[in-house]
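Engineer: attaching a predicted model along with its sequence, questions to come.
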Amino acid sequence: MNENNLKIFNNLKCAQHQRIVESTRTRYTISAISEKIKRDLTSVTFDINEYNDKIIKHKTNRPANQCYYDYNLELDFSNNPRIPFNIDDRLYYYKAYHYQKLGLFLNKKDAPVFKVKIDHLSQDIIYELSQLDSEDRRFVLKQAISRIFEDINFDLYHDSISNRLEVILVS
């Protein structure tokens, strides 16, 4: 090999190594951000009494036979709303539980979007999300919520929900 070809070969080898390092760093960063988001969201709780008051208030405007989980209001209108013992008062676990309980992911067209309030995330996470492009941001949010779904029912999540879950940030 002449000297010019050797130089080109070494540059290519160095560039390939750099891409591998960047790819590994990116995967690690995305995984770390997902875990931080999950940690933030699992710490969000809701007041059971206030929640029940909201249900009573909204039930006055509804027919008595409408018993379901309202994804726009994020309220459980079933006849016997109860929180499973392993979810306690963690808001995002409660929402994920209802998504699974009602089997909303059987048809992709009808699956509601899982909403994450930006106020429930720390400033550090918001900054890190702002540094990502929209595709990576969507992926990171989905991974964080996926981990919550997996905690509730791993098999159900991977059998029917994982390919239909869509997560968005709302204010």
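Structural biologist: On my side now, so go ahead.
Engineer: how close does the closest residue to residue 162 other than its chain neighbours sit to residue 123?
Structural biologist: Distance criterion C-beta to C-beta, 6 or more residues apart in numbering; nearest residue to residue 162, sequence neighbours excluded, is residue 146 at 6.6 Å. C-beta coordinates here come from the backbone N, C-alpha and C atoms, glycine included. Counting by C-beta to C-beta, to the nearest Å, the gap from residue 146 to residue 123 is 24 Å.
Engineer: neighbour count for those two, which is higher?
Structural biologist: residue 146 (20 against 7; other C-beta atoms under 10 Å).
Engineer: which residues of the chain fall in helices?
Structural biologist: 3-42, 48-59, 91-101, 123-130, 134-152, 154-156 (DSSP state H).
Engineer: who wins for proximity to residue 165 among those helices?
Structural biologist: helix 134-152 (6.0 Å; C-beta to C-beta).
Engineer: avg pLDDT for that closest one?
Structural biologist: In this model, helix 134-152 has a mean pLDDT of 89.
Engineer: related to what we said a few turns ago, residues contacting the residue nearest to residue 162?
Structural biologist: Going by C-beta atoms under 8 Å, 6 or more residues apart in numbering, residue 146 touches 157, 162, 165.
Engineer: ok, the last one touching residue 114?
Structural biologist: I take that to be residue 165. Yes - assessed by C-beta atoms under 8 Å, residue 165 is found in contact with residue 114 at 6.4 Å.
Engineer: which neighbours do these two share?
Structural biologist: In contact with both residue 165 and residue 114: residue 145, using C-beta under 8 Å, 6+ apart.
Engineer: count of neighbours near residue 96?
Structural biologist: Neighbours of residue 96 (other C-beta under 10 Å): 26.
Engineer: in contact with it, which residues?
Structural biologist: Contacts of residue 96 (C-beta under 8 Å, 6+ apart): 114, 145, 148, 149, 152.
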